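Engineer: what shape does this take:
(one chain, ligands or ions: 1)
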Amino acid sequence: MTFPAYVPLYQWIDGHRLSGEGRQTSDVLNPFDGAVLGAMPHATAADLQAALESSERAFKVWRKVPAWERSAIIIRAAGLIRDRIEQFATMLTLEVGKPLAEARMEMSLTIDSMVWAGEEAKRIYGRTVESRLPHGRAIISREPIGPVAAFAPWNVPALLTGRKIAAALAAGCSMIIKPSEETPATCLLIAEAFADAGLPAGVLNVVLGDPAMISHTLISSPIIRKVSFTGPTPVGKQLAALATQNVTPVTMELGGHAPVIVCDDADIDAALAFSVPNKFFNAGASCIAPTRFYVQDAVYDAFVEKFTAAARAIKVGNGLESQTNMGPLANPRRLAAMESLIADAVAQGGKITTGGQRIGGEGFLYEPTVLVDVPESARIMNDEPFGPVAIISRFTEVEEAIEKANRLPFGLAAYAFTATTARANLLADSLESGMVGINTYYFGMPEAPFGGVKQSGYGSENGTEGIDAYLVTKFANYG
Ligand code: NAD
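Structural biologist: Numbers count the residues shown, from 1 in each chain. The predicted model follows:
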């Protein structure tokens, strides 16, 4: 099959496309076959300085643009993305490998998040409190925090870029965003939609290149007033430490290791019908992917058997082909991680009921995999696999499953399946997690906050909390 053309890559700074001119480049790969899609230019120190200055200038302009006008531009950009959805979906599939149907779904979620944030721009309210003086005024207002440095990952690159940009812009902030080295095109296409929608130059700048150099330069700058990062927990810790030096607030959306508790009173077929596609969505590379399944004794054998059969039936291949259910892993790092985590699980007594092998020698395809009898000491029970592997364990009492679910330092998403209200309440109350799904995996609502607790991060995206993250409070007292 011939692949569609990739888009040219450039730094997008102050309304200018910057590439070439001696800038170092690195290759962006197609994860299906490992072929080079394009050359990504790296931002130089001068590029980053230009982006910072541009962001500072543009903030002064954008913060004064009336909320209804900011809203209209954001919603117009979302509409342009909807018009161009096939181009976006194709780029997502080329860069990440995900099937086109998933790529289209990601674009719909991106558009929803942008429209919602755009609407919220009109609903940023302060309040007044009673003055202590006869004709005084005591006014509390919400103001944009300032220029934001944002860092987006490669797994869901359109959604996690689009919702950061839309929320910050809705609040009246400017933003410099760095997409992942693996997915620059999607971010540039989003920036292009904003420019076409009438966003003033410099309100949104996109920089590409060396992550450590870019994050260090931007976060250390006094121009940056807020940091938003989605990605691995170890990197989040480094960036949070860096941000502390300027007392810059951060929103951190980091790793997870989501537990799923399946009780014996649950509708097991419904639980399976939700669990298998959610597990293997995006080849398992989702921070809220269900990973550790704890299944109660009476239904354990049937659950393992049916889960295994369904995983085996998944067609893995080229995301551009309509029969493909699961694409490749997004990069060679995930392939190496899967191989080493699964080898360690097996060495510690785990059994593979299906999968466990790389497919082919080119690209990063890996079989949907199910593991059972894996001890809690195995690395895969402690380190997020971020790949297409489900680990199924048995439990007897619900309290025991809750304890196992909560034993890791992560707390992003947790799930439970039960038909009993009392158990549903116990599970929702007891799971230490920013998001809990009872009989569902669905968190794709821009109106509800998305975020974790413990080492999965702090702060939220989406919801009114997601706009609040880009605002500061001012109290003005009139004598
Ligand atoms: P990795 O350690 O190779 O990190 C790569 C990612 O982190 C890239 O996006 C890169 O740009 C960014 N990064 C690395 N160093 C950086 C720095 N100093 N400053 C700014 N950004 C930096 O991890 P990986 O193999 O790409 O991903 C694996 C892990 O990442 C997963 O286990 C998962 O926990 C986490 N992850 C989480 C999300 C999420 O949505 N929360 C998304 C993607 C990855």
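Engineer: pLDDT score for the residue sitting furthest away from the middle of the chain?
Structural biologist: In the chain, the residue that sits farthest from the middle, by CA atoms, centre = their mean, is residue 134; the gap is 50.8 Å. pLDDT, residue 134: 94.
Engineer: ok, now which ones touch it?
Structural biologist: Neighbour list for residue 134: empty [criterion: CB atoms under 8 Å, 6 or more residues apart in numbering]. For every residue, glycine as well, the C-beta is placed using N, CA and C.
Engineer: can you check the one 5 residues further on too?
Structural biologist: With contacts taken as CB under 8 Å, 6+ apart, residue 139 has the following neighbours: 126, 128, 475-478.
Engineer: can you say which of the residues you listed are buried?
Structural biologist: Taking 16 or more other CB atoms under 10 Å as the criterion, nothing in those is buried.
Engineer: so which of those comes closest to residue 165?
Structural biologist: Taking CB to CB as the measure, residue 165 lies nearest residue 126 of those, at 24.2 Å.
Engineer: what helix or strand is the residue nearest to that closest one when sequence neighbours are not counted located in?
Structural biologist: Leaving aside its chain neighbours, residue 126 sits nearest to residue 141 (3.8 Å; criterion: CB to CB, 6 or more residues apart in numbering). Taking DSSP states H and E as the criterion, the element that holds residue 141 is strand 137-144.
Engineer: just the buried residues of that strand, please?
Structural biologist: With the criterion 16+ other CB under 10 Å, strand 137-144 contains buried residues 142-144.
Engineer: for residue 10, phi and psi?
Structural biologist: When read as degrees, to the nearest 10, the backbone of residue 10 gives phi -160, psi 160.
Engineer: err, residue 318, not the other one
Structural biologist: With angles defined as degrees, to the nearest 10, residue 318 sits at phi -80, psi 120.
Engineer: picking up where we left off before, from the chain's centroid, how far away is the strand holding residue 141?
Structural biologist: Relative to the chain's own centre, strand 137-144 is displaced by 32 Å; criterion: CA atoms, centre = their mean, to the nearest Å.
Engineer: contact partners of whichever helix or strand comes after it?
Structural biologist: On the C-terminal side of strand 137-144, the nearest following helix or strand under DSSP H and E is strand 148-151. Contacts to strand 148-151, defined as CB under 8 Å, 6+ apart, come from residues 161, 164-165, 168, 173-178, 211, 215, 218-219, 224-231, 239, 470.
Engineer: in helices, which of those fall?
Structural biologist: 161, 164-165, 168, 211, 215, 218-219, 239 (DSSP state H).
Engineer: list the contacts for the residue in the chain that the ligand sits nearest to?
Structural biologist: As assessed by CB to the nearest ligand atom, the ligand sits closest to residue 255 within the chain, at 2.7 Å. By CB under 8 Å, 6+ apart, the residues touching residue 255 are 232-233, 287, 384, 386, 410, 412, 455-456.
Engineer: so residue 463 makes contact with residue 447?
Structural biologist: Yes. If you go by CB atoms under 8 Å, residue 463 and residue 447 touch, sitting 6.3 Å apart.
Engineer: other SSEs contacting the longest helix along the chain?
Structural biologist: Using DSSP H, we find that the single longest helix of the chain is helix 100-120. Applying 3 or more CB pairs under 8 Å, 6 or more residues apart in numbering; DSSP states H and E, we find helix 100-120 packed against helix 67-83, helix 85-96, helix 157-171, helix 463-468.
Engineer: just say which of the ones you listed is most tucked in.
Structural biologist: Counting by mean count of other CB atoms under 10 Å, helix 157-171 has the highest mean neighbour count of those, with a mean of 29.
Engineer: extract the CA atoms of that helix and return them as CSV.
Structural biologist: The C-alpha trace of helix 157-171 is given here as CSV (Å, rounded to 0.1, in the frame of the first residue of the first chain):
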residue,chain,number,x,y,z
PRO,A,157,-1.8,13.9,20.3
ALA,A,158,-4.8,15.8,18.8
LEU,A,159,-7.0,15.6,21.9
LEU,A,160,-4.3,16.3,24.4
THR,A,161,-3.0,19.2,22.4
GLY,A,162,-6.4,20.6,21.4
ARG,A,163,-7.9,20.7,24.8
LYS,A,164,-4.8,22.3,26.4
ILE,A,165,-4.8,25.0,23.7
ALA,A,166,-8.5,25.7,23.8
ALA,A,167,-8.7,25.9,27.6
ALA,A,168,-5.8,28.3,27.9
LEU,A,169,-7.0,30.5,25.1
ALA,A,170,-10.5,30.5,26.5
ALA,A,171,-9.1,31.9,29.8
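Engineer: ok and that helix relative to helix 85-96, angle-wise?
Structural biologist: Interaxial angle of helix 157-171 relative to helix 85-96 (axes from the mean of the first three to the mean of the last three CA atoms, to 10 degrees): 120 degrees.
Engineer: average pLDDT for helix 157-171?
Structural biologist: On average, helix 157-171 scores 98.
Engineer: quick one: distance of it to the chain centre.
Structural biologist: On CA atoms, centre = their mean, the centre of helix 157-171 falls 11 Å from the chain's centre.
Engineer: report all helices and strands that it contacts.
Structural biologist: Helix 157-171 packs on helix 67-83, helix 85-96, helix 100-120, strand 148-151, strand 175-178, helix 184-196, strand 226-230, helix 463-468, going by 3+ CB pairs under 8 Å, 6+ apart.
Engineer: nearest to residue 22 among the ones you listed would be which one?
Structural biologist: Residue 22 lies closest, by CB to CB, to one member of the helices and strands packed on helix 157-171: helix 184-196, at 18.9 Å.
Engineer: would the next helix or strand after that closest one count as contacting the ligand?
Structural biologist: Counting by DSSP H and E, the next helix or strand C-terminal to helix 184-196 is strand 204-206. No. Contact of strand 204-206 with the ligand (CB under 6 Å from any ligand atom) is absent, the minimum separation being 13.4 Å.
Engineer: give me the contacts around strand 204-206.
Structural biologist: Residues outside strand 204-206 that contact it (CB under 8 Å, 6+ apart) are 11-14, 51, 54-55, 165, 169, 174-179, 184, 187-188, 191, 194-195.
Engineer: for the ligand, what are the nearby residues on the chain?
Structural biologist: So the chain meets the ligand at 151, 153-155, 180-181, 211-212, 215, 230-233, 235, 238-239, 253-255, 287, 333, 384, 386 (CB under 6 Å from any ligand atom).
Engineer: again, 5 Å this time
Structural biologist: For the chain, the contact set with the ligand under CB under 5 Å from any ligand atom comprises 151, 153, 155, 180, 211-212, 215, 230-232, 235, 253, 255, 287, 333, 384, 386.
Engineer: what's the spacing between residue 215 and residue 112?
Structural biologist: Applying CB to CB, to the nearest Å, the value for residue 215 to residue 112 is 29 Å.
Engineer: again with residue 6
Structural biologist: For residue 6, the distance to residue 112 equals 26 Å [CB to CB].
Engineer: and this protein, what are its domains?
Structural biologist: Using automatic domain parsing, the domain parsing of the chain gives 11-254+456-478, 258-445.
Engineer: show me how far the last one is from its chain's centre.
Structural biologist: In other words, domain 258-445. The answer for domain 258-445 is 18 Å, by CA atoms, centre = their mean.
Engineer: circling back to that earlier point, quick check on the contacts of strand 148-151: which are buried?
Structural biologist: Members of the contacts of strand 148-151 classed as buried by 16+ other CB under 10 Å are 161, 164-165, 168, 173-178, 215, 218-219, 224-231, 239, 470.
Engineer: dump the residue contacts of the closest residue to residue 434 other than its chain neighbours.
Structural biologist: Nearest non-adjacent residue to residue 434, counting by CB to CB, 6+ apart: residue 452, 4.0 Å away. Going by CB under 8 Å, 6+ apart, residue 452 touches 253-254, 256, 410-413, 433-435, 458.
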